[in-house]
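Enquirer: Turn this into a model:
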Amino acid sequence: MKKNVLFVVILQLVVNLCFAQMKPINLICENSRNPIGLDALQPELSWQLVSDKRNVMQTAYEIRVGSNEAAVEKSKNLIWSSGKITSNQSVHVPYNGKSLQSNKKYFWQVRVWDNAGKVSEWSDINYWQMGLLHPSDWTAKWITSSLKDTIPGSSPIFRRSFTLNKTIKTATVYITAHGLYEAQLNGKKIGNDYLTPGWTSYHNRLQYQSYDITSLLKKGQNAIGFILGDGWYRGTLAFERRHSFYGNQISGLLQLVVEYTDGSKQIVQTDESWKYTTRGPIKYSDIYNGETYDARLEKTDWSKYDYPDKNWEMATVIPGGTENLICSISPPTRKHEEFKPIGLIVTPKGDTLLDFGQNLVGWVHFKVKGEAGSVVKIAHAEVLDKEGNFYTTNLRTAKQQIIYTLKGGVEESFEPHFTYQGFRYIKVEGYPGKLDTANFRAIALYSDMKPTGTFTSSNALLNQLQHNIQWGQKGNFVDVPTDCPQRDERLGWTGDAQVFSRTASFNMDVENFFSKWMKDVKLEQKQDGSVPFVVPNVLGINDYSATGWSDVTTIIPWNMYLAYGDTKILREQYSSMKAWVGYMENKSKDDLWNTGFHFGDWLFYSPDDDLDGRAAITDKY
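Expert: Reported below is the predicted structural model:
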């Protein structure tokens, strides 16, 4: 009996050795899976190794890249073959082949050798696609609604019909805006991103998004278009109700590249042939204040070919901005968790509220049916006061309000377009008929960061603390790392970001998120090395460096290196890091920086009513 058991064990070991499975998986390029629209000339490639054996480690790898899947699979006419590279590196391996071309898609796979000398099977084939790498690649023109349209107001709609006469192989559209945009093609929304193109240091650089829209196109008649909103570009920013910080005219830029199966191309782009209307349903939209929408003015199917646009006006072409157009690298803002109301509340003051049970950042989707012209108002708040009434004092001048006018006759549904709110409670006014909680849901909106670390314990309070930390990150990581998501601020305060960055990298994958933002930190840094309190800098303060805040320049790049092992962010930010240290040295005497303004122990707790809880008790220097 014992001999039989021993024989079976030995046989199983032999089978495991002979038929052990080992394969690279989870291939990513520039920290994304199959990304579209890259401007990195040497994209970094990463993978993970799985095996059904223990103690397996990579000792070498081989990468091959081709212009199509067949070339990679057959290893013929390759763009690049690394050959066998003796290395245990499996993250951030730079592409080192021929120069990459605009709008081209590249396919790649990898295999590895383990510490027993065995080679894995080839990974599945993945791809990346380049964006428009050179300014001359952009042939589209910036278009706007009217040269008189220079104050916040209605969101203009732009459209263009076109015909495709050949069989389509693939199609990519590149879009950006001075302001925010939502694009449609043949009646369908392009992509599942929101608040695009995001917020960067607009004076220096502007992101554009790239979408594969092959499945939305058809041979024959098509139409494409977009709606513009004020966003961070022209909307309210910072304090004292300031707006139009970057410019007083919103505009859009779109370039659609269609490749046919016969090898030819067709380009559809924004120019003077486009039409627009300012008589759309979005009458006002602002990140701080909310959105006013009149459903009676809806232009149903305005992005379909046969939409009657004869009464629309011709778009105005304007010069492009001086900023650089760059591919979008940070995770886009997308919809995430949804919450149903956990209760309906009538406050002591008689207001009708809905409680979603979770403080979140995003917006409310609701359904309603009533007479045309009826108006529903929704206000947002995070907490109730001690009497149980709706509390909005902490919002300061931010209205956080949705005003919706019904078109009437049918059940209608709505969610905002170019705004977002921080809230747990909403106050509903003017809702026709009985207020049914089933007609409301709250949708969380934040940068699309993959969860990475988790923490639970036997202590309920610690678990709740971790829950709060995670939701604080979700609510304040809406394209830039903000300090708050609800009042008239929502700015990229550098002190908040640097102190939280290491925790952020535990909770979620924030490598691209911070890589993008740190580039703006570098661009906003002054020649003397000083660094502003907020990035993008919209405060307009000249002498604006403070310890703890401006230290973001050195702390976040180092934390990202510790978390992800990528030296690229150190190389890219090194000159900025060095300049900041030099600034501190120049401001210091006897190795102590004891000059200028500093926040110190900001927002400390004190039971003394005579202190306002902002300026530090301890010496700031």
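
Enquirer: what's across from the nearest residue to P319 once chain neighbours are set aside in the sheet?
Expert: Using Cβ to Cβ, 6 or more residues apart in numbering and skipping the chain neighbours, the partner closest in space to P319 is W142 (7.0 Å). (Each C-beta comes from the backbone N, C-alpha and C, glycine too.) Legend: beta-bridge partners of W142 under DSSP bridges are I318.

Enquirer: cool, G290 as well?
Expert: Assigned bridge partners for G290, using DSSP bridges, are D286, Q401.

Enquirer: hang on, the earlier thing: tell me the contacts of the residue nearest to P319?
Expert: Residues in contact with W142 (Cβ atoms under 8 Å, 6 or more residues apart in numbering) are 178, 251-253, 270, 317-321.

Enquirer: Just the buried positions in stretch 440-456, please.
Expert: 440-449 (16 or more other Cβ atoms under 10 Å).

Enquirer: distance between the ends of it?
Expert: For stretch 440-456, the separation between the terminal residues is 31 Å (Cα to Cα, to the nearest Å).

Enquirer: And it, how far out from the chain middle?
Expert: 13 Å (Cα atoms, centre = their mean, to the nearest Å).

Enquirer: coming back round to it: among the buried residues of stretch 440-456, which lie within helices?
Expert: Nothing among these maps onto helices, per DSSP state H.

Enquirer: from those, which single one is nearest Q109?
Expert: D448 (25.4 Å; Cβ to Cβ).

Enquirer: now that closest one: how far from V478?
Expert: Noted for D448: a distance of 11 Å to V478, by Cβ to Cβ, to the nearest Å.

Enquirer: overlap in contacts of the two?
Expert: Residues touching both D448 and V478 (Cβ under 8 Å, 6+ apart) are T333.

Enquirer: re the thing from before, so among the contacts of W142, which ones count as buried?
Expert: 178, 251-253, 270, 317, 320-321.

Enquirer: Let me know the pLDDT of the spatially most central residue of the chain.
Expert: The residue lying closest to the centre of the chain (Cα atoms, centre = their mean) is P332, at 2.6 Å. The model reports P332 with a pLDDT of 98.

Enquirer: What backbone torsions are found at it?
Expert: Phi and psi for P332, reported as degrees, to the nearest 10, are phi -70, psi 160.

Enquirer: what does the one 10 residues further on give?
Expert: For I342, the backbone dihedrals are phi -100, psi -10 (criterion: degrees, to the nearest 10).

Enquirer: Just give me the neighbour total for it.
Expert: When neighbours are counted by other Cβ atoms under 10 Å, I342 registers 12.

Enquirer: what's the longest strand seen in the chain packed up against?
Expert: The strand that spans the most residues within the chain, counting by DSSP state E, is strand 352-368. Applying 3 or more Cβ pairs under 8 Å, 6 or more residues apart in numbering; DSSP states H and E, we find strand 352-368 packed against strand 333-339, strand 343-346, strand 375-381, strand 401-405, strand 412-414, strand 421-429, strand 440-447, helix 460-476.

Enquirer: Any chance of the ones you listed in TSV with distance to D483 as columns?
Expert: Formatted as TSV, the helices and strands packed on strand 352-368 follow (distance: least, Cβ to Cβ, whole Å):
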stretch	distance to D483
strand 333-339	17
strand 343-346	29
strand 375-381	18
strand 401-405	22
strand 412-414	29
strand 421-429	11
strand 440-447	15
helix 460-476	7
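
Enquirer: can you tell which of these is closest to K516?
Expert: strand 440-447 (9.8 Å).

Enquirer: what lines up beside the closest one in the sheet?
Expert: By DSSP bridges, strand 440-447 pairs with strand 333-339 (antiparallel), strand 352-368 (antiparallel).

Enquirer: Select, out of the helices and strands packed on strand 352-368, the one closest to Q58.
Expert: Nearest to Q58, of the helices and strands packed on strand 352-368 and by Cβ to Cβ, is strand 440-447 at 31.0 Å.

Enquirer: The closest residue to I282 other than its chain neighbours and N192, how far apart?
Expert: Computed as Cβ to Cβ, 6+ apart, the closest residue to I282 that is not its neighbour in sequence is S155, at 3.8 Å. S155 is 20 Å from N192, where distance means Cβ to Cβ.

Enquirer: before we move on, what about T316?
Expert: When distance is defined by Cβ to Cβ, T316 is 30 Å away from N192.

Enquirer: These two - which one has more neighbours?
Expert: T316 (18 against 10).

Enquirer: Just list the residues touching the more buried one, thanks.
Expert: By Cβ under 8 Å, 6+ apart, the contact list for T316 reads 143-147, 272.

Enquirer: Y564 too?
Expert: Y564 neighbours (Cβ under 8 Å, 6+ apart): 91-92, 505, 511.
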